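K.L.:
Structure for this input, please:
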Amino acid sequence: MAKLYFYYASMNAGKSTTLLQADFNYRERGMRTMLWTAALDDRSEGKPISSRIGLEANAQRFDADTDLWVEVKAQHALGALDCVLLDEAQFLSKTQVWQLARLSDEAGIPVLCYGLRTDFQGELFPGSAALLGIADSLVELKAVCHCGRKASMNLRVDGDGKAISEGAQTEIGGNESYVALCRKHFSEALA
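P.N.:
From the prediction side, this is the model:
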């Protein structure tokens, strides 16, 4: 039976690397996959899914209007898909998460979602909240704080490295904008 998976972590935990490795494993066995990532994240000049260690792959891009059930079913009709892998899952809507659940339940396609659990204020993203609520399998990937403890929080910083505590929930950025910290050091940085 196909399942809906949610692999979540803070920044710098290797979510995209893990997704690309899973995709490679399927394809190496002659299986057909479909990759997705958020259209909102346009940092990559090359391929839409890229990892800090240099792995990358082409992917479809979803936005708020994308009906993932319709799009994936259309590809599945052209040749059976063995797995759907989706990066930046925090940017999914609740409706899109239910579309992905339907793909695993009704179409029998495993769906592996990778994303952040919380934003820079410690609040759940809508897509992450829905996935935490209905995914069949939840897997936390580990990042490491500068103190050696598990990093579970994403601190937003300005150009000088100073903590930012207010602003829009979504601001695309990498190491220049965010630091993965344990809860203790996250709280101290905002104090």
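K.L.:
how about the nearest residue to the most centrally placed residue in the chain, chain neighbours excluded?
P.N.:
Computing the C-alpha centroid of the chain and ranking residues by C-alpha atoms, centre = their mean puts Gly115 first, at 2.3 Å. Once flanking residues are discounted, Gly115 sits nearest to Ala89: 3.3 Å by C-beta to C-beta, 6 or more residues apart in numbering. C-betas here are computed from N, CA, C, even on glycine.
K.L.:
cool, Arg27 as well?
P.N.:
Thr33 (6.2 Å).
K.L.:
ok, which stretches of this structure are helices?
P.N.:
Secondary structure of the chain by DSSP state H: the helices cover 15-28, 68-78, 94-106, 126-134, 183-190.
K.L.:
now those helices as a markdown table including mean pLDDT and mean neighbour count?
P.N.:
Shown next, in a markdown table, are the helices of the chain (pLDDT from 0 to 100; neighbours: other C-beta atoms under 10 Å):
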| stretch | mean pLDDT | mean neighbour count |
| --- | --- | --- |
| helix 15-28 | 96 | 18 |
| helix 68-78 | 97 | 15 |
| helix 94-106 | 98 | 19 |
| helix 126-134 | 97 | 19 |
| helix 183-190 | 93 | 16 |
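K.L.:
which residue packs closest to Trp36, ignoring adjacent ones?
P.N.:
Using C-beta to C-beta, 6+ apart and skipping residues adjacent in sequence, the residue nearest Trp36 is Leu86, 4.3 Å away.
K.L.:
quick one, strands of this protein?
P.N.:
Counting by DSSP state E, the chain has these strands, from start to end: 4-9, 33-38, 49-50, 56-57, 60-62, 83-86, 111-116, 137-140, 143-144, 150-151, 153-157, 163-164, 178-181.
K.L.:
Residues contacting the last one, please?
P.N.:
By that I understand strand 178-181. 10-13, 120, 143-146, 151, 153-157, 189 (C-beta atoms under 8 Å, 6 or more residues apart in numbering).
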